[in-house]
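> Structure for the following, please:
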Amino acid sequence: MLSSPAFSRELRDGEEHAVGALLRTAFGGEGEDHLVHKLRKSGAMAGETVLPMGDRIIGYYALSYMVQPKGWLCLAPVVIHPDLQGRGYGKRMIGLLTEWARLTKTPVVVLGAPGFYERAGFSVAKAAQLQGPYPIANTMLAGLDAPATAQQLVYPPAFDRI
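Numbering: from 1, shown residues only. Model (predicted):
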């Protein structure tokens, strides 16, 4: 049995059920699993990354295309299995994503706990001028060298009922 996860990688065909089970376990309900299904079905999904450990999926994140600004991505949901949280797996997984965003100059927006996401490379300050339907104090940005100019964030329609 492996004691630590492998490298994160793209979701493979057939792993959707394992991701759904992980989302339901970690979030205690169907909401995030339904969100992922809606993003897939609508074509808004830009990519899905998993963190395998042995024959299990213990981590996951989804990137979807923002409606506005064009060319920006949204990170949600993000999950590490509850039994394995606090070991740095999430920080490592999201840190690789923020480094990719920085190198490719691809803006990625996330809404969440600044304490976690800023340690992984996101910035509250770079998102401070953005406007959107969710609290800007918990909105962070990666992928840009400087703070974003004032603009409206429009998430994919799948986020409308969250």
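
> can you give me the strands for this protein?
Ranges of strands in the chain, per DSSP state E, are 9-10, 45-53, 56-65, 73-80, 108-111, 139-142.

> Looking at those, spot the one closest to residue 99.
When the strands of the chain are compared by Cβ to Cβ, strand 139-142 sits nearest residue 99, at 8.8 Å. In this view, the C-beta of every residue, glycine as well, is placed from N, C-alpha and C.

> tell me what the closest one is packed against?
helix 89-104, strand 108-111, helix 114-119 (3 or more Cβ pairs under 8 Å, 6 or more residues apart in numbering; DSSP states H and E).

> right, so those: which one is the most enclosed?
Neighbour counts (mean count of other Cβ atoms under 10 Å) averaged over each of the helices and strands packed on strand 139-142 peak at strand 108-111, with a mean of 24.

> sorry, back to before: of all the helices and strands packed on strand 139-142, which lies closest to residue 152?
Between residue 152 and the helices and strands packed on strand 139-142, the shortest gap by Cβ to Cβ is with strand 108-111, which sits at 11.8 Å.

> Any chance you could list what contacts the closest one?
Contact with strand 108-111 is made by 63, 66, 72-76, 78, 97-98, 101, 117, 122, 127, 130, 134-135, 138-143, 153, as judged by Cβ atoms under 8 Å, 6 or more residues apart in numbering.

> are any of those buried, and which?
63, 66, 72-76, 78, 97-98, 101, 117, 122, 127, 130, 139-143, 153 (16 or more other Cβ atoms under 10 Å).

> if we can go back for a sec, show me the one of the strands of the chain that comes nearest residue 36.
Smallest distance to residue 36 across those (Cβ to Cβ): 5.8 Å, for strand 56-65.

> angle of that closest one against strand 45-53?
For strand 56-65 against strand 45-53, the angle by axes from the mean of the first three to the mean of the last three Cα atoms, to 10 degrees is 160 degrees.

> Okay, angle between strand 56-65 and strand 73-80 too, please.
Interaxial angle, strand 56-65 versus strand 73-80 (the same axes, to 10 degrees): 160 degrees.

> In contact with residue 77, which residues?
Counted by Cβ under 8 Å, 6+ apart, residue 77 has contacts 23, 27, 32, 35-36, 60-62.

> let's see it at 6 Å
With contact taken as Cβ atoms under 6 Å, 6 or more residues apart in numbering, residue 77 is in contact with residue 32.
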